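Trainee: sequence and predicted structure are below.
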Amino acid sequence: MNKNYTAISGGFRTVTLACISMLFSAFSQHLLASQQSQTLVLIGGTLTTCSSMSPKNCNNKGVPKGKSASNFQITEANIKRVDAQWPSKNTAHKAKILNLLSKMANQHTQTLSKKRLLWAWRDTNNQLLNQLSDAEYYFVLDMLEVPVLDAQGRRIKEQVATHHNAEPASVDILNFIKASASVATKSPSLLAVTASSRDPYESADFYEGLLSQTGIQATWLPLTPALAKAITSGQCKALGELRTQVMQAYNREVIYTDRVKAEQQLCEQGVAHLVKLIASATGIMFNGGDQSLTKQVLFDDEGKPYPWTQTINERPLLIGTSAGTAVQSGSKNQFGQVAMITNGTSVAAMEQGAHAVAAPSARCIQDCQQGLSGDALTYQADGGLGSFNFGILDTHFSERNRSVRLATLLAHTGQRFGFGVDETTALVVIRSAQGEVMTVVGKHGVVHIKSISPQSFSYSYWPSGTYVDVGQDGFSIHQRTLAKVLTDINIPALPEQRFAGILEDAKLRSLTQAMCLAKQQQAQAKHEKFNFTFLADDSTRYLRVNKTKFGCAIENLKISYSNNH
């Protein structure tokens, strides 16, 4: 991290509560005033964190002791349960699986990791692995899983140790969360919601542990899609059955007994208690995974908000990572309803456009893509939670080259603005009675896209440490950042060539950063059958905000593309 970053970012390791408080008073001229102070910490995913299950994310100080992997075992008892509880009517698949497991049981008598189990499966019958439906595949894995216990029979939990993080930017973001919560109240508390995972119980240890690293009271909230349906329909006694129907999660009461018991207890305490519990929390964090699954704990099958959804939306601090960020798009603005993106690649967006899909239900667990290809650009038109209504949110952004897919969705839905958050980076929105301010915290940056036409858009890049002015007509780099820009550096102009594979390996970000540093007015690129033009005009600005690899801020670079066939 660069020590020249502003206090809110970059060298955030020394952040104080005063830094956060200053933001609430420093931007009194902003419009769109809100009556309630609130901070959104919208992380783009890959919050690289040291834990017992992720030793590669730890520095040389060591890996915390705890659960290091999930365990699986092919036993006669497990095979019998697969036979007795097969989840579909496809008896041919069932017979093949039973035959496969019988063969594997003779060859693998010991406990296996998931990786070793799947390799053994592929070696025995790779074709069958690809033939199974999602429900059948997850069922087999869940039924073969065995609990990870210590010598006393107690469940071993994944342990988190952010003080051993190899990636300091993740600690910066966590420190920001801590400071924001502490500004909101003298005795803050945080809740972790892991509904983005098909198996939210497996994710609970990590996110509870992550938030606990702040030193603030933090607990897992068992708000799962199954619980949401059970608690609102008086079916708490059928919670286990709903778990398999709604979530395609099996055998979880054996693997995560304590988490399932907590879910059952919360259900039996009723809706009023759940709402009160959420209302008592300072902040809530939504995990990564599938935003369509998270939406199932916010809205019922008819799209109506659950009794606790508004209470969640009113928390002083809302945190999301990856899917937990994407789900916060929603509500209406001056351009209409803000959609929630659910799937797709930029290449598929150029070739196939965007497609609205239905929200998942017990009959459609995945994206309900209605026969679309697996990389098709899909979205839910009615949006998500709606805590962020400036435009559509997207994540893993530059790393997965998602600028074109977001621009395509903007043009398709009539929204003007999109916000793409890079990995290990957070877009922060701070609201107070005086107005709103945005800033960027973490490792890389945030892309702001403004729709121009179906095949062109304005591209801005806000590196870590950038303050952003929120105005009636859009978003621009604030004077606070402009006053502290670094001096330009002399680098050669880009060669006159058409850069190939622009939608691979984060090349679009690399090219635009090179243009920024070289003050380049134009560049050409291509990807497969598409040609791209990058053009700076009188509204374009290039500014060095920090000294990192992607520290050059860009405003209003026009990007357009066309089919060259």
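Mentor: Okay, I see it. Values in this document were obtained by computation on a predicted structure and should not be read as measured data.

Trainee: any chance you could map the helices in the stretch 1-150 of the chain?
Mentor: With DSSP state H, counting those that start in this stretch as the criterion, the stretch 1-150 of the chain has helices at 17-26, 76-84, 91-107, 114-131, 134-144.

Trainee: between the ones you listed, which one is nearest to residue 213?
Mentor: With respect to residue 213, and counting by CB to CB, the nearest of these is helix 17-26 at 17.7 Å. Every C-beta, even on glycine, is put in place using the N, C-alpha and C of the backbone.

Trainee: quick one: buried residues of the helix or strand harbouring residue 481?
Mentor: With elements taken from DSSP states H and E, the one containing residue 481 is helix 479-482. Taking 16 or more other CB atoms under 10 Å as the neighbour-count basis, helix 479-482 is seen to contain the buried residues 480-482.

Trainee: over to stretch 518-537?
Mentor: Within stretch 518-537, judged by 16+ other CB under 10 Å, the buried ones are 518, 520, 523-527, 530, 532, 534, 536.

Trainee: list just the nearest of those to residue 491.
Mentor: Checking the buried residues of stretch 518-537 against residue 491 by CB to CB gives residue 518 as the nearest, at 5.2 Å.

Trainee: distance-wise, check that closest one relative to residue 81.
Mentor: Relative to residue 81, residue 518 is positioned 63 Å away (CB to CB, to the nearest Å).

Trainee: repeat for residue 561
Mentor: Counting by CB to CB, the gap between residue 561 and residue 81 amounts to 53 Å.

Trainee: okay, those two: which has more neighbours?
Mentor: For residue 561 versus residue 81, neighbours defined as other CB atoms under 10 Å are more numerous around residue 561 (21 against 15).

Trainee: the more buried one: helix or strand, and which one exactly?
Mentor: Assigned by DSSP H and E, residue 561 falls within strand 552-563.

Trainee: just put the buried residues of helix 479-482 in TSV and tack on pLDDT and distance to residue 218.
Mentor: Conversion of these to TSV gives the following (pLDDT from 0 to 100; distance: CB to CB, whole Å):
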residue	pLDDT	distance to residue 218
480	93	32
481	96	32
482	96	37
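
Trainee: right, and residue 287 touches residue 326 too?
Mentor: No. With contact defined as CB atoms under 8 Å, residue 287 and residue 326 do not form a contacting pair (11.8 Å).

Trainee: of these two, who's got more company?
Mentor: Per other CB under 10 Å, whichever of residue 287 and residue 326 has more neighbours is residue 326, with 31 against 24.

Trainee: against residue 117, how distant is the residue lying farthest from the centre of the chain?
Mentor: With CA atoms, centre = their mean as the measure, the chain has its most outlying C-alpha, relative to the mean C-alpha position, at residue 106: 40.7 Å. Distance of residue 106 to residue 117, computed by CB to CB: 15 Å.

Trainee: now swap in residue 335 and tell me
Mentor: With distances defined as CB to CB, the gap from residue 335 to residue 117 amounts to 48 Å.

Trainee: where does the chain have low pLDDT?
Mentor: When the per-residue scores of the chain are filtered using pLDDT under 70, the ranges that remain are 1-36, 360-371.

Trainee: from residue 288, how far off is the spatially most central residue of it?
Mentor: Most central residue of the chain, judged by C-alpha distance to the mean C-alpha position with CA atoms, centre = their mean, is residue 322 at 0.9 Å. From residue 322 across to residue 288, the span is 3 Å (CB to CB).

Trainee: any common contacting residues for the two?
Mentor: Any residue near both residue 322 and residue 288 by CB atoms under 8 Å, 6 or more residues apart in numbering counts here, and that gives 45, 196.

Trainee: isn't residue 350 up against residue 407?
Mentor: No. Contact criterion CB under 8 Å: residue 350 and residue 407 do not qualify, at 9.8 Å.

Trainee: where along the stretch 201-350 of the chain do the helices fall?
Mentor: Assigned by DSSP H, counting those that start in this stretch, the helices in the stretch 201-350 of the chain fall at 225-233, 239-247, 252-255, 257-269, 271-279, 291-295, 309-313, 323-326, 346-352.

Trainee: which of the ones you listed sits closest to residue 61?
Mentor: Checking the helices of the stretch 201-350 of the chain against residue 61 by CB to CB gives helix 323-326 as the closest, at 28.6 Å.

Trainee: tell me the helices and strands packed up against that closest one.
Mentor: Contacts of helix 323-326 with other secondary structure elements, assessed using 3 or more CB pairs under 8 Å, 6 or more residues apart in numbering; DSSP states H and E, are made with strand 38-43, strand 283-286, helix 291-295, strand 340-343, strand 392-394.

Trainee: restrict that helix to CA atoms and write it as PDB.
Mentor: The C-alpha atoms that make up helix 323-326 are tabulated as PDB, following Å, rounded to 0.1, in the frame of the first residue of the first chain:
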ATOM      1  CA  ALA A 323     -23.000 -11.900  -4.600                       C
ATOM      2  CA  GLY A 324     -23.700 -10.000  -1.300                       C
ATOM      3  CA  THR A 325     -22.800  -6.800  -3.200                       C
ATOM      4  CA  ALA A 326     -24.700  -7.600  -6.400                       C
END
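
Trainee: show me what it is in contact with.
Mentor: Helix 323-326 has contacts (CB under 8 Å, 6+ apart) with 42-45, 193, 196, 285-291, 293-294, 320, 340-342, 384, 393-395, 421, 427.

Trainee: now do 6 Å
Mentor: Identification of contacts with helix 323-326 by CB atoms under 6 Å, 6 or more residues apart in numbering yields 42-43, 196, 286-291, 294, 341, 393, 395.

Trainee: next, format those as CSV and append distance to residue 305.
Mentor: Below are these laid out as CSV (distance: CB to CB, whole Å):
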residue, distance to residue 305
42, 20
43, 24
196, 18
286, 15
287, 20
288, 23
289, 21
290, 19
291, 16
294, 13
341, 20
393, 19
395, 23
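
Trainee: next, count neighbours for the nearest residue to residue 218 once chain neighbours are set aside.
Mentor: Nearest non-adjacent residue to residue 218, counting by CB to CB, 6 or more residues apart in numbering: residue 211, 3.5 Å away. Neighbourhood size, residue 211 [other CB under 10 Å]: 27.

Trainee: who are the packing partners of the helix or strand containing residue 438?
Mentor: When elements are assigned from DSSP H and E, residue 438 belongs to strand 435-442. Based on contacts counted as 3 or more CB pairs under 6 Å, 6 or more residues apart in numbering; DSSP states H and E, the elements that strand 435-442 packs against are helix 168-184, strand 425-432, strand 467-471.

Trainee: so which of the ones you listed is the most packed in?
Mentor: When neighbours are counted by mean count of other CB atoms under 10 Å, the highest per-stretch mean among the helices and strands packed on strand 435-442 falls to strand 425-432, a mean of 25.

Trainee: okay, the angle between that strand and strand 467-471?
Mentor: In this structure, strand 425-432 runs at an angle of 50 degrees to strand 467-471, with axes from the mean of the first three to the mean of the last three CA atoms, to 10 degrees as the basis.

Trainee: what sits up against strand 425-432?
Mentor: Applying CB under 6 Å, 6+ apart, the contact partners of strand 425-432 are 23-24, 34, 37-44, 173, 421, 437-439, 441-444, 446.
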